[in-house]
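[1] The sequence and its predicted three-dimensional model are supplied below.
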Amino acid sequence: RDISPEQYDKCRRTMFPKGHTPRNTDPIGAEKLLADGYIWVKVDDQRYVKKGVNWIQKHRKIWQDHNGPIPDGHVVIFLDGDRTNFDINNLACISMADNARLNQNHLRFDDPELTKSGVGIAKVMSTMGNRK
């Protein structure tokens, strides 16, 4: 909406100047625990963009730093189910189909080795489903 020049002049003295960075702006590298239960890391400082441009889930960032880009249609999971255990050996990149099979068949465990076995079973189930 357009406002009158008089209204604009009244408002102008309380406006931030162009290019102003608010004091509460998080620096790149800042981490936050968000409502989704994951820790997010700030990786960029672009203005007026969606959260996913400037922020990335920490486990996804760690996976990408060690292994390169996450393929489309894949997710990174915590093998022991602990969303605060960012050890690279506790992370696995699996397809969304395999992730669905893990969830549907209750193949996630606190023990990372059992979850790895569950991932193997999920892969077999997905393959069988694709062949039918």
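    Thanks, I have it.
[2] I'd guessed residue 74 sits against residue 93; true?
    Yes: the pair residue 74 / residue 93 is scored as a contact, 5.3 Å apart, by CB atoms under 8 Å. From N, CA and C alone the C-beta is placed, and that goes for glycine too.
[3] Spell out which residues are contacts of both of those two.
    Counting by CB atoms under 8 Å, 6 or more residues apart in numbering, residue 74 and residue 93 have no shared contacts at all.
[4] Do a quick rundown of the helices in the chain.
    Assigned helices in the chain, in chain order: 5-12, 51-54, 58-67, 96-104, 112-131 (criterion: DSSP state H).
[5] Would you tell me which of the ones you listed gets closest to residue 22?
    helix 51-54 (14.2 Å; CB to CB).
[6] Settle this for me: residue 97 is touching residue 126, isn't it.
    Yes: with contacts counted by CB under 8 Å, residue 97 reaches residue 126, the gap being 4.7 Å.
[7] quick one: contacts for the residue nearest the centre of the chain?
    What sits nearest the mean C-alpha location of the chain, by CA atoms, centre = their mean, is residue 57, with 3.0 Å. When contacts are counted by CB under 8 Å, 6+ apart, residue 57 touches 38-41, 76.
[8] run the last query once more with 6 Å
    38, 40 (CB atoms under 6 Å, 6 or more residues apart in numbering).
[9] Any figure for the gap between it and residue 106?
    For residue 57, the distance to residue 106 equals 24 Å [CB to CB, to the nearest Å].
[10] got it, and residue 21?
    47 Å.
[11] and if you look at residue 36?
    22 Å.
[12] which residue sits closest to residue 54, ignoring its sequence neighbours?
    Closest residue in space to residue 54, ignoring its immediate chain neighbours: residue 44 at 4.6 Å, by CB to CB, 6 or more residues apart in numbering.
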